[in-house]
Structures are given as C-alpha cells and as structure tokens.
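Q: Pasted the sequence and its predicted model underneath.
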Amino acid sequence: MDADEKIKISVRNLDFFYAGGHQALFGNSIDIPANRITAVIGPSGCGKSTHLRVYNRIFELYRGQRAGGEVWIDDENILSPDVDVLELRRKVGMIFQKPTPFPMSVFDNVAYPMRLHFKMSKSEIAERVEHALRGASLWDEVKDKLRKSGLALSGGQQQRLCIARAIAAEPDILLMDEPTSAVDPVATLKIEDLVLQLRDRFTVVIVTHNMQQASRISDYTAFFYKGEIIEYDKTEKIFTNPSHKKTEEYITGRFG
Ligand SMILES: Nc1ncnc2c1ncn2[C@@H]1O[C@H](COP(=O)(O)OP(=O)(O)OP(=O)(O)O)[C@@H](O)[C@H]1O
C-alpha cells in the first residue's frame, strides 16, 4: 500500500467460526485504506462474505457464530464487547447481493435510517432524502414516484435505492457483497459508475466474482483462498503481475 494512504480498517489475526465450530477464516490481517475501493475476490466458499460480515458485526444476529482477533476501525477495536453495535452499523453500511428494499415507499426507505439514528424535522428529512437519492444516481428516475413502493422499482433501481438508504445513515464505510450479481449488464454499469463516485466520500469494500468489475473499479484487491488472505496489493499489480501462483491461477480463470 502507498505510504500516504490513511488506513480506515485494520484487521489483525481474524479467525471466524460458524455454529458447531466450523472455522471459515484463518488469521486474516489486512489494512483497508480510507476513500478507496477495495475488492475482495476468490473462489466460491473461500470466506469473502464471512470476512465482510465481521466489519459491522452483523454475524452476531446468528446464533453460534464467533469471531476472534481484532478489527480496528479508526481507533476502536469493533470486536470488543463494549462497542455500541447500533452506532457501528450506522457507521458501516451494507449492501447485499439481492436488493433488500423495505416494504414501504421509496421515500420511507431512505428516510428510515434518518428517523432511526437522527432527530430531524420533516423538512430536513425531505431535503436529505433527495440528497441521498441524488447521491445514489436515482433521483431523476424516482422523483415522481416517491410515494410508490420501493418494491415496484426495477432490480437495478432497487439496488440503488438500497445504496441511497445506506448513504442516508451517513456512514464512513460501505460494504458491498456482490451488489451487481442480481442485476442486468446496463444496471451493473450504472452501479459501477455510482460506486466510483462514492469513493470520494466513503471507504468502499466490495466482494465480487467478476474479475472485470474488480479491475475496472477497485484501487486495491485482496485474494482469498480457503479462508486465508493469499495476496493483497494494488489492483493493477494483482491483475498484471501477481506474486502468488494461486492468485494467477484464479485471475486467469483456471479455477473458481
Ligand atoms: N451459515 C453458515 N453456517 C455454516 N457454515 C457456513 C455458513 N455460511 C458460510 N459457511 C461456510 O463458510 C465458508 C465461507 O463461506 P462464505 O459464504 O464466506 O464464502 P464466499 O467466498 O463469500 O462464497 P461465495 O462466493 O460462494 O458467496 C464456506 O465453507 C461456507 O460453507
């Protein structure tokens, strides 16, 4: 990593266990820079989603799942027991593979985190809903449908609505777990453009199976294999001159 990068997330010796003791991550250590896009790649089942789900402790919603090691975000080890998890999840937003709009209007989807986390007047909420929808490159498409159900939008629009909802909580970090795998190629390009715009304001960590996507949009890439981080470097280096044989085999499509 370049010496002048500011580190936003610092993971040290992260292990992860599912219920029954099945270990899915082994000693992961990685420094994720602020205001950059970091891609997480690797074959199916290598632990990409598991790793990402630690950063906002969402795994704790499931019985028997456990993380060991340290995950520092700014100056706080977010795995320590006294962390305010609601505030952590506000600060570390997440976008999933399938769009997950709430069964409510477009407006209320975006207003939801504002009502949950902040005390705001109605007019302030309206202003910020517009701002978040503009930030998610969706405003022009939905400005006349704000009172319609979020579920009535197209898949790609729903995913951008989820990004608007995540932005509305004013996070520092956006985690994206294969955000384009359920949408068509045109919607994928729109979301990729959007992710590139978000880099100025957020630290983005994105899991993707799509090598072209990783090389198009990310600054850094981490290659996972069997729960370990095999290689982590600038994206250009990973895709043109990887240091490890396994990385090369994966990016050239020899397994996956
Ligand atoms: N709920 C669960 N209970 C038990 N084991 C799980 C659970 N979810 C995932 N695993 C296991 O943990 C390992 C890592 O899975 P994970 O979903 O993190 O991989 P991934 O790299 O994101 O895969 P994919 O690319 O297919 O989404 C796998 O061996 C998987 O079978």
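A: Yep, it's here. Numbers count the residues shown, from 1 in each chain.
Q: Tell me the helices and strands packed up against the one helix or strand G27 maps to.
A: Under DSSP states H and E, the secondary-structure element containing G27 is strand 23-33. Contact partners of strand 23-33 among helices and strands, from 3 or more Cβ pairs under 8 Å, 6 or more residues apart in numbering; DSSP states H and E: strand 7-17, helix 48-52, strand 66-73, strand 203-207, strand 220-225, strand 228-234. In this view, the C-beta of every residue, glycine as well, is placed from N, C-alpha and C.
Q: if we go to 6 Å?
A: When contacts are defined as 3 or more Cβ pairs under 6 Å, 6 or more residues apart in numbering; DSSP states H and E, strand 23-33 packs onto strand 7-17, helix 48-52, strand 228-234.
Q: Is it possible to get TSV of those that adds mean neighbour count and mean pLDDT?
A: Formatted as TSV, the entries for these read as follows, by neighbours: other Cβ atoms under 10 Å; pLDDT from 0 to 100:
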stretch	mean neighbour count	mean pLDDT
strand 7-17	18	98
helix 48-52	22	97
strand 228-234	18	98
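Q: Export those to TSV and append columns for distance to Y62.
A: Converted to TSV, the helices and strands packed on strand 23-33 look like this (distance: least, Cβ to Cβ, whole Å):
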stretch	distance to Y62
strand 7-17	12
helix 48-52	11
strand 228-234	23
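Q: closest one to the ligand among the ones you listed?
A: Shortest distance between the ligand and these, using Cβ to the nearest ligand atom, is found for helix 48-52: 3.3 Å.
Q: Now do that closest one: everything it contacts.
A: Applying Cβ atoms under 6 Å, 6 or more residues apart in numbering, the contact partners of helix 48-52 are 16, 24-25, 40, 42, 175, 177, 207, 224.
Q: before we move on, the earlier item: show the subsequent helix or strand relative to the strand holding G27.
A: Using DSSP H and E, the helix or strand that follows strand 23-33 in sequence is strand 37-41.
Q: tell me the contacts of L146?
A: Going by Cβ under 6 Å, 6+ apart, L146 touches 106-107.
Q: mind checking how far it is from V106?
A: Per Cβ to Cβ, to the nearest Å, L146 is found 5 Å from V106.
Q: now R147
A: From R147 across to V106, the span is 7 Å (Cβ to Cβ).
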